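1. Here is a sequence together with a model predicted from it:
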Amino acid sequence: LNIETIKWAGDLGGCAELIDQTLLPGEFKILQVRDVKTMWEAIKKLQVRGAPAIGIAAGFGLILGLQEIADDAPLEGAREKLKEVGAYLSSSRPTAVNLFWALERLQKTAQNCKATNTRELKEKLLAEAQVIRDEDAAMCRAIGEHGAPLIGENAGVLTHCNAGGLATADYGTALAVMFRAHEQGRKFSVYADETRPLLQGARLTTWELMQAGIDTTLICDNMAGHLMSQGKINLIITGADRIAANGDTANKIGTYSLAVLAKAHDIPFYIAAPSSTFDLSIPDGSHIPIEQRNPEEVTSFGNKPTAPENVKVYNPAFDVTPHHLITAIITEHGVISPPNLNTIRRMLL
Ligand code: MRU
């Protein structure tokens, strides 16, 4: 299954094209993003989502922002514009570190590329933004390769949210492990948490797994413990939005509960993530900013109110799973087991 979640169409004056994920699975629509404000909104509204995909989107967003400056404008102005657009895109979503990672990488490219004029600077940055996308696709394949042996014959696998091709350049992280095991001919079943409130699991993960021909069962989030107690789950694999230096991991709200349940049932709990999702500048998960989202996401379902008007709502989009609850982290370099300050540094540095 090849999903072109996000790509650049055309040359320097072109635009970004992305699958509008808010419409899936009912409608498959490619959104053409032609300016940086539209990209900011696409990220905010989750038209493009998932940590690696957000990073790629931010990279292309930077190019769109620079299009506002003429090719023959003074280079100093272009560099100023770059900083301004970077700060703007940084304000779209706070938790996934891939967004900041991609923007910083492009700022460094701008500093080191020795462009002599604005057009050249734009060309170098677009090329680098494309490299970020292509590298992500390659990292996902490697994650699949390293993780696939963890899925045994006839296993029951549980996943949460969507860490598939839609959340990355292609192929996914947690789902890459399943795609690869399936390609290798293993028989197994996947249970997908629906992932309230925005249903990434129900709408996106099942859509991807079923297209790949993997046996897929959708469950509500609150059914996971029951399934574990019945012995139906042999391992859990999720993605990540930010992993601190000690292995503490932020992922979609509800991931932490799964890790606690896994511990209680003695089930291995895996995180699959590329090196771009690690934030070695923070010592532990308490430093990860957690995005708070609009209350309406919780008080309505498909635009229909499901709670009294003006009810108080708490709607954090992510939670942090402490590293001691994580059996291993599957990266493009290999499997980090158990994840801690030393094992992570050894694998990544
Ligand atoms: O709010 P979302 O849909 O962007 O949250 C996505 C997740 O939590 C994913 O599990 C994570 O980004 C990993 S994607 C490979």
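-> Everything's here; your move.
2. what does the stretch 101-250 of the chain have sitting close to the ligand?
-> In this structure, the stretch 101-250 of the chain approaches the ligand at residues 161, 163, 167, 168, 172, 173, 200, 238, 239, 240, 241, judged by Cβ under 6 Å from any ligand atom. Glycine gets a C-beta too; all of them are placed from N, C-alpha and C.
3. Switch the residues you listed over to a markdown table; also include pLDDT, neighbour count and distance to residue 191.
-> Conversion of those to a markdown table gives the following (pLDDT from 0 to 100; neighbours: other Cβ atoms under 10 Å; distance: Cβ to Cβ, whole Å):
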| residue | pLDDT | neighbour count | distance to residue 191 |
| --- | --- | --- | --- |
| 161 | 98 | 30 | 13 |
| 163 | 98 | 36 | 14 |
| 167 | 98 | 30 | 18 |
| 168 | 98 | 32 | 21 |
| 172 | 98 | 31 | 17 |
| 173 | 98 | 32 | 18 |
| 200 | 98 | 26 | 15 |
| 238 | 98 | 27 | 12 |
| 239 | 98 | 31 | 16 |
| 240 | 98 | 27 | 19 |
| 241 | 98 | 32 | 21 |
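4. okay if I get these as a markdown table plus secondary structure?
-> Compiled in a markdown table, these are given as follows (DSSP: H, G, I helix; E, B strand; the rest coil):
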| residue | secondary structure |
| --- | --- |
| 161 | coil |
| 163 | coil |
| 167 | helix |
| 168 | coil |
| 172 | coil |
| 173 | coil |
| 200 | helix |
| 238 | strand |
| 239 | coil |
| 240 | coil |
| 241 | coil |
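5. Now for the closest residue to residue 31 other than its chain neighbours, how many residues are close by?
-> Nearest in space to residue 31, with sequence neighbours left out and distances taken as Cβ to Cβ, 6 or more residues apart in numbering, is residue 20 at 4.6 Å. Neighbour count for residue 20, taken as other Cβ atoms under 10 Å: 16.
6. and residue 20, what are its phi and psi?
-> For residue 20, the backbone dihedrals (degrees, to the nearest 10) come out as phi -70, psi 100.
7. give the contact list for the residue in the stretch 201-349 of the chain that the ligand sits nearest to.
-> Using Cβ to the nearest ligand atom, the closest approach of the stretch 201-349 of the chain to the ligand is made by residue 239 at 2.7 Å. Neighbouring residues of residue 239 by Cβ atoms under 8 Å, 6 or more residues apart in numbering: 50-51, 161-163, 167, 172-174, 251-252, 271-273.
8. Give the full set of residues in contact with residue 219.
-> Under the criterion of Cβ under 8 Å, 6+ apart, the neighbours of residue 219 are 191, 192, 193, 194, 227.
9. pLDDT at it, what is it?
-> Taken from the predicted model, the pLDDT recorded for residue 219 is 98.
10. Is it bridged to anything, and to what?
-> When bridges are taken as DSSP bridges, the partners of residue 219 come out as residue 193.
11. just to revisit the earlier point, surely the residue nearest to residue 31 meets residue 26?
-> No: at 10.9 Å, residue 20 and residue 26 do not qualify as touching, with contact defined as Cβ atoms under 8 Å.
12. Can you pull the poorly scored residue ranges out of the stretch 1-150 of the chain?
-> Low-confidence segments of the stretch 1-150 of the chain, defined by pLDDT under 70: 1-2.
13. try it again with 90
-> 1-3 (pLDDT under 90).
14. Sketch out the strands for it, chain order is fine.
-> Using DSSP state E, counting those that start in this stretch, the strands of the stretch 1-150 of the chain run over 6-9, 15-19, 30-33.
15. Adjacent strands (with direction) for the longest one?
-> Just to be clear, that refers to strand 15-19. Here strand 15-19 has these sheet partners by DSSP bridges: strand 6-9 (antiparallel), strand 30-33 (antiparallel).
16. Kind regards, and thank you for your time.
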